[in-house]
Each structure stands twice: as structure tokens, then as C-alpha cells.
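# The amino acid sequence is not available; the structure is as follows:
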């Protein structure tokens, strides 16, 4: 049933966004278009890479839809020269489900399907609070890189910044919070690409 549904969605979607070509009698839905060759869909844990070769100067459009036929985004559109093209799709920005990519040229339309499965919950930031030492120990579970730790009060007011250079998840960053009053705090860890957040509650040692 799912295969039938996706096939129907694919057909209907092609008709929708290629209505001009269809009206002109130019639509030729094929997996072997004159201008496109070696279409590859490479699936990795966190991403999808759609790549293909164009062998002539042509106008093409690359569009992403979900399994319900709802438009997601245009990955590219315009006049392109003969070349190799690759489009990177971040799975982390997509809900669980099935998706279809369409490539439309003047010769017709091709489609490629992929699935985003339910991701396992991974704790990126681990925060340990030592009440007696008034100390936070923060461990980040990602590859070795520079990152920044920002500490905020629960009202959003900024407290301090700690710069960490080329450290992996094997090490812990310790922060002295002896001068911080009791209450809830937000910890933001910023890399060059992402921001991760955690909360911690500081208690009185008295």
C-alpha cells in the first residue's frame, strides 16, 4: 500500500509542477533522459546526497516533496552548464517519513525516493553538578573541535563564556559556580554548525 501511495504521489506531483510541459505535450517521464546521466542517491546516517551529471546546457529544477505530496523545498532551479551536480539534504531537519526528489528538464522528469527513519535519542551534552565543590562538569559527545560554552540565568541574562579548543567528548570542562546564586541555569554549547542546550539547577551548600 505504501509503494502504491508513493507511486501515485509521484505521478500527481509530476503533473502538478510540470503542468506547463504536460500542456505542451512535452512531458516524457523517464529514468533515462537525454541530458541527465548517472543519478545517484547516497544515504548516510544524517544526510542524503543526490548527484547527477548534465551533458548539455539546460534548464533544470530539483524539488523535494514528502510522502503526502506536500512541497518541502526547491533545491535548485535555473539554467545550468554541463557539469556534475550534488545536492546535500540534512536528515536532521526532516521529520520521520518517506520523501521524493524530482529532477525536471526540458526532456522530462525523473524521481528518486528516500526514507528518514526514527532517530535514536542521543544526549549530546552531559552536565554533572558537584554541590560540595560548587562545580559544573560539562562533557560534550561530538568529534574533537573548538566550541563555546555560554552560561545564562533562568531569566536569560548572560553570566559567562568559556572557550574550548580542540576537545573531544573524552574530556570534561569544569566551571566554578561558587559565586552563582541558587536557581535554574541554561547552558548553551555552540560549535561552528550547531547549538546544544541543557538546564541545571544550582543548590545552596549551606
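Here it is on my side, so go on. Keep in mind that this is a model prediction, so the values were computed, not measured.

# Please make it C-alpha for all contacts and neighbour counts, starting now.
Noted.

# Can you pull up the most central residue in the protein?
Averaging the C-alpha coordinates of the chain gives a centre point, and the residue nearest to it by Cα atoms, centre = their mean is residue 90 (2.9 Å).

# how many neighbours does the nearest residue to that residue once chain neighbours are set aside have?
Using Cα to Cα, 6 or more residues apart in numbering and skipping the chain neighbours, the partner closest in space to residue 90 is residue 47 (4.6 Å). Close neighbours of residue 47, defined as other Cα atoms under 10 Å, add up to 15.

# same check, this time on residue 71
Counted with other Cα under 10 Å, the neighbours of residue 71 add up to 13.

# Show me what the helix or strand containing residue 189 pairs with in its sheet, parallel or antiparallel.
Assigned by DSSP states H and E, residue 189 belongs to strand 183-190. Under the criterion DSSP bridges, strand 183-190 sits next to strand 145-153 (antiparallel), strand 195-202 (antiparallel) in its sheet.

# right, so those: which one is the most enclosed?
strand 145-153 (a mean of 17; mean count of other Cα atoms under 10 Å).

# Any idea how far whichever helix or strand comes after that one is from the middle of the chain?
Helices and strands here follow DSSP H and E; after strand 145-153, the next one along the chain is strand 158-167. Relative to its parent chain, strand 158-167 has a centroid offset of 25 Å by Cα atoms, centre = their mean, to the nearest Å.

# what about strand 158-167, average pLDDT?
Strand 158-167 shows a mean pLDDT of 82.

# helices or strands up against it?
strand 145-153 (3 or more Cα pairs under 8 Å, 6 or more residues apart in numbering; DSSP states H and E).

# what does the strand it packs on contact?
Applying Cα atoms under 8 Å, 6 or more residues apart in numbering, the contact partners of strand 145-153 are 158-168, 183-192.

# Give me the angle between that strand and strand 158-167.
160 degrees (axes from the mean of the first three to the mean of the last three Cα atoms, to 10 degrees).

# what are the ranges of the helices in the protein?
Assigned by DSSP state H, the chain shows helices spanning 2-17, 19-23.
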